[in-house]
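A.B. asks: fold the following and give me the result.
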Amino acid sequence: MIATSHAACRIRQRRIHGSVVDLLLEEGAPLPGNPDRLLLTREHARQLFQDGLVEPDLWARAEKDLPLVGVVRDGRIITVFRVTRRVKRTARGRGHSRFGRGRDANSRMEGRE
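C.D. replies: Take a look at the predicted model:
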């Protein structure tokens, strides 16, 4: 699969090994509600290792990078990142303003001048 220049840069910056990205693309599961995102969990990769489908050296590399998400669109890798908190399942935003305040909070702030 072809990686965009952005994805190649991010993979290098985040020090994610290329073989781990390949494993993500082969075995990652699409997130419900957002099929462009592939998720490879530590548990799934461990099961692949125990079943003999992943070599020990690849498991050793992958273990420190997992869980991992890859965004793939039109046959191209857009970006890859480690999951450090819950992954949004949908492509839509949360609907709040940049600073975490809703419209009501901003309108109340205008009256305080």
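
A.B. asks: would you mind measuring from residue 29 to residue 73?
C.D. replies: As judged by C-beta to C-beta, to the nearest Å, residue 29 and residue 73 stand 17 Å apart. Bear in mind the C-beta positions are built from the backbone N, C-alpha and C, glycine included.

A.B. asks: not counting residues beside it along the chain, what's closest to residue 31?
C.D. replies: Leaving out its chain neighbours, the residue that sits closest to residue 31 by C-beta to C-beta, 6 or more residues apart in numbering is residue 37, at 4.5 Å.

A.B. asks: that neighbour contacts residue 29, doesn't it?
C.D. replies: No. Residue 37 is not in contact with residue 29 according to C-beta atoms under 8 Å; the separation is 9.6 Å.

A.B. asks: check contacts around the spatially most central residue of the chain.
C.D. replies: Nearest to the mean C-alpha position of the chain, counting by C-alpha atoms, centre = their mean, stands residue 69 at 2.4 Å. By C-beta atoms under 8 Å, 6 or more residues apart in numbering, the contact list for residue 69 reads 31, 37, 38, 39, 40, 80, 81, 82, 83, 87.

A.B. asks: which two in those residues are spaced the farthest apart?
C.D. replies: The most widely separated members of these, counting by C-beta to C-beta, are 31 and 82 (15.2 Å).

A.B. asks: more neighbours, those two?
C.D. replies: Neighbour count, other C-beta atoms under 10 Å: between residue 31 and residue 82, residue 31 has more, with 17 against 13.

A.B. asks: I'd say the more buried one and residue 39 touch.
C.D. replies: Yes. If you go by C-beta under 8 Å, residue 31 and residue 39 touch, sitting 5.6 Å apart.

A.B. asks: tell me the helices in this protein, going along the chain?
C.D. replies: With helices called from DSSP state H, the chain shows them at 5-13, 18-27, 42-50, 56-65, 103-110.

A.B. asks: would you turn those helices into JSON lines with mean neighbour count and mean pLDDT?
C.D. replies: Converted to JSON lines, the helices of the chain look like this (neighbours: other C-beta atoms under 10 Å; pLDDT from 0 to 100):
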{"stretch": "helix 5-13", "mean neighbour count": "13", "mean pLDDT": "94"}
{"stretch": "helix 18-27", "mean neighbour count": "17", "mean pLDDT": "92"}
{"stretch": "helix 42-50", "mean neighbour count": "15", "mean pLDDT": "91"}
{"stretch": "helix 56-65", "mean neighbour count": "15", "mean pLDDT": "88"}
{"stretch": "helix 103-110", "mean neighbour count": "10", "mean pLDDT": "50"}
